[in-house]
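Student: fold the following for me, if possible:
(one chain, ligands or ions: 1)
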Amino acid sequence: MVESAIQTQKNLSQLRCIGCGRIALADRFRCEHCRDLLEIIYPGWEGRGPGGLDAASLKQLWRERQSSLETRDQSGVWRFREILPAIPQRQIITIGEGNTPVYELPHCAKSAGIHQLFAKHQGMNPTGSFKDTGMTVAASFARQAGYKWVACASTGNTSASMAAYAARGGLHSLVLIPDGKISWSKLSQSLDYGAITCQLKTDFDGCVRVLNEVVERMPVYLLNSVNPYRVEGQKTVAFELLEHFAWEPPDHIIVPGGNLANSSAIGKALREMKQLGFISRLPKISVIQAEGANPLVRTIRETDGEKLVPVNADTMATAIRIGNPASWKKAIRVIRESAGTVEQVSEIEIALAKSEIGAEGIGCEPASAVTLAGLKKLVKQGFVKPNESVVLVLTGHVLKDADFTLKFHRGDLFEGTPYQAESRALKSHQRSPLVLDPSVGAVIDLLRSAEK
Ligand code: F0G
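Tutor: Below you'll find the model as predicted:
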């Protein structure tokens, strides 16, 4: 294992500790000296640029690849391979990730009080979430490094993605998920893709603790988001987005915050783009959490970002039900250097925002909808101005949590919760299925009354 790790180090990338700056072996997750997280750096870029090319040549090359039939070029991740760790083509596990659409959301813009709003929909990835962009890189690295087993703790999307990439790459996979606290559709994915799936009687943070020990003792490669190769793959969403906007940065990018790898990855991408001369200014990157799972918000508000404030997380947006986020330091660095901010939103605000995104014919899972709910607050506070350009990163597909959507429209999502009374305000957004007699007249009557 170590031999292949060292071999990878000879390539243009290295792992460096975000705390003390020491270089680590290529298959590690934390610094052996200070236990901080690692990040990938590219000493080979110095002077010559990625792949020996300057920004203008790379922009052109990546565009040209869009019409290429080569498997790597058809991936929205590997199309940008010059800014990724070098992995031999035969080891790459890809299922056509990335290349996700950017949608305009005029009604949501109006509801938030701004002129124009875009959503980059990462739920349109092969397994229905943004996790695929990072998984293709980290799973490929695992295979190249000679691992037979990969594993993750997850709130459901990482596990679905890992199980798929492991299956495609001929690797075995182990999934640890919190019992009863993830959506059935995500659980069903990891079963279908053939992972060994364990529901532990704990929360996500408890699953992480168990798994960290397991991977210390067994030759199993960890694919949680502390994995620096996942962060590299997740960077490509920002390259795709900026390419879509002809390399003119939007004013704001708004992302949901759970374990905080996504915000870290998008921030790293933009930092690199600025360093490499792709863009001349950074968009403000803001992170939104659920009120019941708000460790980053508390860390910034209560300690000025110096010391993590872990919480006992609880939210119906189960994907971000995380109280002890691993990548908090990386996320804080991104928020600071991009002059972004953090905000938290209530369960009611999440449900409302999700229904508004759905009503645009787009849809997303609850964790993604925190972005719109957060944007509304940021506009009210004056942090986002009505004429500024804003992109929401929607992280998961609407079908990831159909249960939530059905309960919302039937009006029983908040039944028996402290939000029951407040949820009555959502009534006009609910579209419950109607049960009718099988008669033409009944349907026509209904249409006539709907027209009114
Ligand atoms: N949105 C969705 C749909 C997610 O699944 C997650 C995280 C996030 C947002 C938060 O991203 O952790 O990078 O800040 N899901 C992980 C999982 C934890 O196991 O699937 P983050």
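Student: close to the ligand, is stretch 251-263?
Tutor: Yes. Using C-beta under 6 Å from any ligand atom, we find that stretch 251-263 touches the ligand at 256-262. C-beta here means a position set from N, CA and C on the backbone, and glycine is covered the same way.
Student: may I see the ChimeraX selection of the buried members of those residues?
Tutor: For the buried members of the residues of stretch 251-263 next to the ligand, the matching ChimeraX selection, counting by 16 or more other C-beta atoms under 10 Å, is:
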select :256,257,258,259,260,261,262
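Student: bridged to residue 285, which residues?
Tutor: residue 253 (DSSP bridges).
Student: thought residue 342 was touching it, still the case?
Tutor: No. Between residue 285 and residue 342 there is no contact under C-beta atoms under 8 Å: 10.3 Å.
Student: looking at the two, which is more packed in?
Tutor: Taking neighbours as other C-beta atoms under 10 Å, residue 285 and residue 342 compare with residue 285 leading, 25 against 22.
Student: contacts only, for that one.
Tutor: Contacts for residue 285 (C-beta atoms under 8 Å, 6 or more residues apart in numbering) come out as 252-255, 263, 266-267, 270, 334-335, 338, 340.
Student: what is in contact with residue 285 and residue 342 at once?
Tutor: By C-beta under 8 Å, 6+ apart, the residues touching both residue 285 and residue 342 are residue 335.
Student: got the CA coordinates for the lengthiest helix in the chain in CSV?
Tutor: In the chain, with assignment by DSSP state H, the single longest helix is helix 228-244. The C-alpha trace of helix 228-244 is given here as CSV (Å, rounded to 0.1, in the frame of the first residue of the first chain):
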residue,chain,number,x,y,z
PRO,A,228,-8.8,14.7,0.3
TYR,A,229,-9.3,13.1,-3.1
ARG,A,230,-13.0,13.5,-2.7
VAL,A,231,-12.6,17.2,-2.1
GLU,A,232,-10.6,17.4,-5.4
GLY,A,233,-13.3,15.8,-7.4
GLN,A,234,-15.9,18.1,-5.7
LYS,A,235,-13.9,21.1,-6.8
THR,A,236,-15.0,20.6,-10.4
VAL,A,237,-18.5,21.8,-9.8
ALA,A,238,-17.0,25.3,-9.4
PHE,A,239,-15.0,25.0,-12.6
GLU,A,240,-18.1,23.8,-14.5
LEU,A,241,-20.1,26.7,-13.0
LEU,A,242,-17.6,29.4,-13.9
GLU,A,243,-17.2,27.9,-17.4
HIS,A,244,-21.0,28.2,-17.7
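Student: so residue 151 sits right up against residue 175, yeah?
Tutor: Yes. In this structure residue 151 lies within contact range of residue 175 using C-beta under 8 Å: 7.3 Å.
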